[in-house]
Structures are given as structure tokens and as C-alpha cells.
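quick one: sequence and predicted model below, then my questions.
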Amino acid sequence: MLRTLTLLCLSLGTAQAKAAPSEANIRNFGAIGDGKADDTAAIQKAVDSGLGDIRLPKGDYRITQSIVIDLDKLGFTSIHGNGVATIIMDGPGPALKFVGTHFKSADPEGFEAKVWQQQRMPLVDGLGILGRHPKSVGIEAVGTMQLTITRVHIRQALHGIHLRENNRNVIISDCHIYENRGIGIYYDDVNLHQSNITACHISYNHGGGIVSRAGNVRNIHITGCDIESNMSPEAPATANVLIDCSNSPYGTGEVAITGCTIQHNHLSPDSANIRILSRSNKTNPSTIVREGNVTITGNVLSDVMVNIHLKDCRSVAITGNTLWKGYQHNLLIEGCSNVVVGPNCFDRNPRYGPHDGPVAHNSLIVRNSEDCTLTGLHISNALNAPAALLIENCRRMNITNCTILDYDNVGLLLKNLSHSRVSDCLIRDDRPDAKSTPLKIIGGKDNMIIDNALGLGNSDN
């Protein structure tokens, strides 16, 4: 009798557990997952159930409309695929659209209670998203607080992750954003402070890898990522990391790009690994407002037209990077101020020589800039360029302790430089039959040029 009662209680407990599940398995809401049936209604029903913990078992879940996660209505929501589920987006728009109500800053005093009580930290984890419509998008977020996207794979969409209007404290980590028609991670005229992108592969997105346009964006941290070939010969010019502050009164600033491999490809027009266009102030375009406060440190960069391109920036530190195969320039700085370029290796490694030969110029140019320091640069084998390092129309430049070796034409070309110092540099071309000039000065005034070691050929000059 006791055994019978025990079994009856266990049976009732099991039935109650089935009646009140703690998670929403989308199969329980009618999803098929065969890649053919339209599972849109089933997945939306699971999301709308309010259970919050949405689980996708192994399968291919075809949808034709966006799954909208209305956080204010539904409360805390997470979507899990455990690495075995794929959403196939067969319609326009985002496969997953997260909508919150937070359109303020991250100041704790500015939050409505419901943000913490219902909306904080929406999560997507372990999910594949495949775009099968020309206007499909992977994940879109508007008005969210602490959006967290981890271990997600997005492929063949228009954009991978699309951040719009207002978001705060976004984390994107351990993701593969690969072969999309547009942009991998897109800060689209968004008001977004505090975002971290770490340990991601972002590759072969034709409109750019990580792109910020217009908006009011601060505190982007890009760390430990592999970012490659996010451009196409058939697409407009872009970059693996592109920050474009034009058409905005605020722009993008306070950026750290550290410990990444950022490469490819020089076949795309005007391609760049890192390009920052920092003139903002849409209300008065004639006024130069240089955005900046950027650190570019410890990266490996190669195989584009320009490895690092800064235009109208202020307060940028570039140090500890290795750069090669800049087919036009390894470094191009235009209209900037307060830029510090510290020890970096600008080289032409013979291991890569058969692929680029003398075609990659590898030159450095600083033009129309002021109040900058270049120190400890190692520049080797800049070929078929007017100079290995050209400083043009600049003032208050401090150029010290640089090594410039085995270049064509001129090692260091100073053109219309004023109120500057050039000292303690080693500039030599010791190639057989070298005919280059170590240092050439055109125009300029009030400069101190002292204690430089200049040489040509295999002589003791």
C-alpha cells in the first residue's frame, strides 16, 4: 500500500512538472524544425508564453517573419540553441528583434524600475542564424539594457547584429559572424555607450566588419577578435573596423582596439583594416570637431590598401602593433592632432614577398596635422613610394628614435614642416646599388633637426 502511494505521488509530481515547465521548448508549441515548415508562429508563441527561458532543440527552424521579443511585455527572456539549432530567416527584417523601453543613459538614477524588473540582460546563446532572404538580418536590438549575445553563428544575412536607436551595455562574445552581405556588427545611428566585442570571428561581411556610423557612441572595446576580409571588390569602400562620425553632432569616441588579428583584402577598393573618420558636428559642418580618445594596441594588421587610416581624429595612441602589406600605406594620418604613434613594426617580411613583391608600398604619411609624437617606429622596405615616412604640412611634431631602413626614393621626407623636432633617428639604405636619399627637407621653418644617423649603400656614410 505504501509503495502504491509513493508511486502515485511520484506520478502526480511528474504530471505537475509537465503541466508547469520551467522552460519553453519550442517543440511543445508546435515547432517542426525540419527546415521546410514555417515555424514562425510556434516560436513566437513560445516567446509570448512569458516562460522566458526559450529552448530550441536540434533542428533547422524556418521562419518568414521576425520573432519579436517585447521585453516590457514578456519580462526577462533568453533564447538558447545549445549549438545544435539553426533559425533560417526566409523573410525580410531581423530573425530576432529585441525591443525594450530604455532610451536613457546608463546612469543608475535614470532608470525606470521596470527595466530592472522585467527587461535587463536579454540573452541569446548557442544559436545559429542563416539568412535566406536578401533583406534578412540576424539580430536587431532597440531600447535594450545589457543585451548579451554569446556563442552565436550568423551567416548569409544582410547584417549580422544591428544595433539601432538606443541601447546600453551590450556584450557580444565568442560569436562567428561570417559571410553576410552587409555589415557584421552595425552601430547604425545609435545612441550606445558601453559595448564590448570579445573573442569573435568576424569575416567576409561585404559591408564592413564592425561599423559605427553617425549616432552617439562611446566606449567600444574590441578585444581578442579575428576580423578578416570584411569587404568586396564589388562593394563600396569600407573597412574591417570603420568608425564614421560624419552626419552626427556627437560621433563615436572612447574606443579600444586591442589584441586582434585584422587582415585582408587589398583587392577591394580603398580598403582599410582600421579607418576612423572623426569629424562630427552635423549642425555646423564648417567647424572641425575631432572625436577620438582611441587606443590601437597589440594588433596584427596586413593585406589592405591602408592598414590604419585616421582622418580628423584627436587623442589617438597607436603602439605595439605589427603592420605589413599596406598596398598604399601602412599608416595614413590626415588632419589630426594629439596623435601618439609609439613603437610599432612596419615591415616587409620576406615570407610574404612572393605574394606582394614591390607592389605593396608600405609607406607612412602624416599630412595636415599638428601636435603629434612619433617615436620608436621601425620602418623597413617601403618601396615604390615617394618616401618611407612623409610628414607634410604639419606643425609641432616630435619625431624621435625612429629606424627607417632600405627604402626607395627618400627615407624621411619633411615637406612644409614647422616648429618641430626630428632627432636620434637611424635612416639607412644598405641595399646593393642603393640610390635613395635618407633625409629630404622641402620648405618649412623653425625646426630642430639634430643627432640623426644617416647612411647610404655599403659604405661607412
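Arrived safely, thanks for sending. Computed from a prediction, not measured in an experiment: that's the story for all the values here.

for Val369, which non-adjacent residue is spatially closest?
Let me fix one detail, which is that residue 369 is Ser and not Val. Nearest non-adjacent residue to Ser369, counting by Cβ to Cβ, 6 or more residues apart in numbering: Cys336, 4.6 Å away. All C-beta atoms are positioned from the backbone trio N, CA, C, and that covers glycine.

the one you found: neighbour count?
25 (other Cβ atoms under 10 Å).

now do the buried residues in stretch 183-199.
By neighbour count on 16 or more other Cβ atoms under 10 Å, the buried set for stretch 183-199 is 183-198.

identify those among the residues you listed that sit within strands.
Among the buried residues of stretch 183-199, the residues falling in strands (DSSP state E) are 183-198.

returning to that earlier point: phi first, then psi, for the residue nearest to Ser369.
Cys336 adopts backbone torsions of phi -110, psi 170, taken as degrees, to the nearest 10.

tell me who's in contact with it.
By Cβ atoms under 8 Å, 6 or more residues apart in numbering, the contact set of Cys336 is Arg290, Leu310, Lys311, Asp312, Cys313, Arg314, Val316, Val366, Ser369, Cys372.

could you dump the residues you listed to TSV with neighbour count and secondary structure?
Below are the contacts of Cys336 laid out as TSV (neighbours: other Cβ atoms under 10 Å; DSSP: H, G, I helix; E, B strand; the rest coil):
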residue	neighbour count	secondary structure
Arg290	22	strand
Leu310	29	strand
Lys311	21	strand
Asp312	23	coil
Cys313	27	coil
Arg314	20	strand
Val316	24	strand
Val366	25	strand
Ser369	25	coil
Cys372	22	strand
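
pick out the most distant pair among the buried residues of stretch 183-199.
Farthest pair in the buried residues of stretch 183-199 (Cβ to Cβ) is Asp189 and Thr198. Separation: 24.1 Å.

helices and strands around the host helix or strand of Ile54, which ones?
Following DSSP states H and E, one finds Ile54 within strand 53-55. Packed against strand 53-55 by the contact rule (3 or more Cβ pairs under 8 Å, 6 or more residues apart in numbering; DSSP states H and E) you find strand 24-25, helix 40-48, strand 78-89.

can you flag the weakest of these by average pLDDT?
Of all the helices and strands packed on strand 53-55, the minimum mean pLDDT falls on strand 24-25 (a mean of 92).

quick one, the next helix or strand after that one and strand 78-89 angle?
The helix or strand immediately downstream of strand 24-25 is strand 34-38, counting by DSSP H and E. In terms of direction (axes from the mean of the first three to the mean of the last three Cα atoms, to 10 degrees), strand 34-38 departs from strand 78-89 by 80 degrees.

tell me how far strand 34-38 lies from the chain's centre.
Between the centre of strand 34-38 and the centre of its chain there are 34 Å (Cα atoms, centre = their mean, to the nearest Å).

can you list the strands that it pairs with?
If you go by DSSP bridges, strand 34-38 pairs up with strand 59-63 (parallel).

so how far is the strand it pairs with from its chain's centroid?
That offset, for strand 59-63, works out to 29 Å (Cα atoms, centre = their mean).

could you say what helices and strands the following helix or strand past it packs with?
Along the chain past strand 59-63, the next helix or strand (assigned with DSSP H and E) turns out to be strand 67-70. In terms of contacts (3+ Cβ pairs under 8 Å, 6+ apart), strand 67-70 is packed against helix 40-48, strand 93-99.

which one, of the ones you listed, ends up nearest to Thr258?
Taking the helices and strands packed on strand 67-70 one by one with Cβ to Cβ, strand 93-99 is closest: 27.8 Å.

skip ahead from the helix or strand that contains Gly126 and say which helix or strand is next.
Using DSSP H and E, Gly126 maps to strand 123-131. Later in the chain than strand 123-131, the nearest helix or strand by DSSP H and E is strand 136-145.

given the next helix or strand after that following strand, what are its sheet partners and their directions?
The first helix or strand that comes after strand 136-145 along the chain, using DSSP H and E, is strand 148-150. Sheet partners assigned to strand 148-150 using DSSP bridges are listed as strand 123-131 (parallel), strand 161-173 (parallel).

any chance of those in JSON lines, plus mean neighbour count, mean pLDDT and distance to Thr297?
Compiled in JSON lines, the strands paired with strand 148-150 are given as follows (neighbours: other Cβ atoms under 10 Å; pLDDT from 0 to 100; distance: least, Cβ to Cβ, whole Å):
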{"stretch": "strand 123-131", "mean neighbour count": "23", "mean pLDDT": "98", "distance to Thr297": "30"}
{"stretch": "strand 161-173", "mean neighbour count": "23", "mean pLDDT": "97", "distance to Thr297": "19"}
